[in-house]
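> Here's my sequence, what's the structure:
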Amino acid sequence: IRDLGFRDADFNDLVAFRIHGVTPEFIADIRELGYNNVKSEQLIAMRIHRVTPEYIRELEAAGYSHVPIDKLVAMRIHGIDAAYVKKMNGM
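Modelled structure (predicted):
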């Protein structure tokens with residue numbers, strides 16, 4: 001995790017990463033989608049609320065790209081998915 005740039009991650013961050021499944025692979029997948037400066041608490045929130053790389057890709061396919069992390073989490077909490085976005089856009 002520190003090799004991925006999380007040098008300031010403390011013990012609590014590392015424990016939360018472990019509990020919620022924030023893995024180096026998850027971080028790499030998120031970065032591959034263009035999210036390069038994601039904070040540790042945002043990664044944890046993404047895992048807690050099931051904001052996955054697949055979810056992000058589906059939203060991009062529905063026309064929503066580069067949505068800020070906090071908005072992605074809020075969208076997931078409120079049940080907004082690609083099908084909902086397509087329906088609202090008349091697709």
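> now do the same end-to-end measure for stretch 5-16.
Using CA to CA, to the nearest Å, the span of stretch 5-16 from its first residue to its last is 17 Å.
> Only the buried residues of that stretch, if you could.
Phe6, Ala9, Asp13, Ala16 (16 or more other CB atoms under 10 Å). No exception for glycine: its C-beta is placed from N, CA and C like everyone else's.
> what do you get for stretch 15-30?
Buried residues in stretch 15-30 (16+ other CB under 10 Å): Ala16, Phe17, Val22, Phe26, Ile27, Asp29, Ile30.
> okay, and for this protein, where does confidence drop off?
91 (pLDDT under 70).
> what about the helices in it?
Assigned by DSSP state H, the helices in the chain fall at 11-20, 24-32, 40-48, 53-61, 69-77, 82-88.
> Of those, which is nearest Arg2?
Evaluated over these, closeness to Arg2 peaks at helix 11-20, with 9.2 Å, by CB to CB.
> Would you mind pulling up the elements that that closest one packs against?
When contacts are defined as 3 or more CB pairs under 8 Å, 6 or more residues apart in numbering; DSSP states H and E, helix 11-20 packs onto helix 40-48.
> If you drop the residues flanking it in sequence, what lies closest to Thr52?
Met46 (7.9 Å; CB to CB, 6 or more residues apart in numbering).
> Any idea how many residues pack against that neighbour?
25 (other CB atoms under 10 Å).
> So it sits against Lys71, correct?
No - contact between Met46 and Lys71 fails when scored by CB atoms under 8 Å: they sit 11.7 Å apart.
> Overlap of the contact sets of these two?
Counting by CB atoms under 8 Å, 6 or more residues apart in numbering, no residue touches both Met46 and Lys71.
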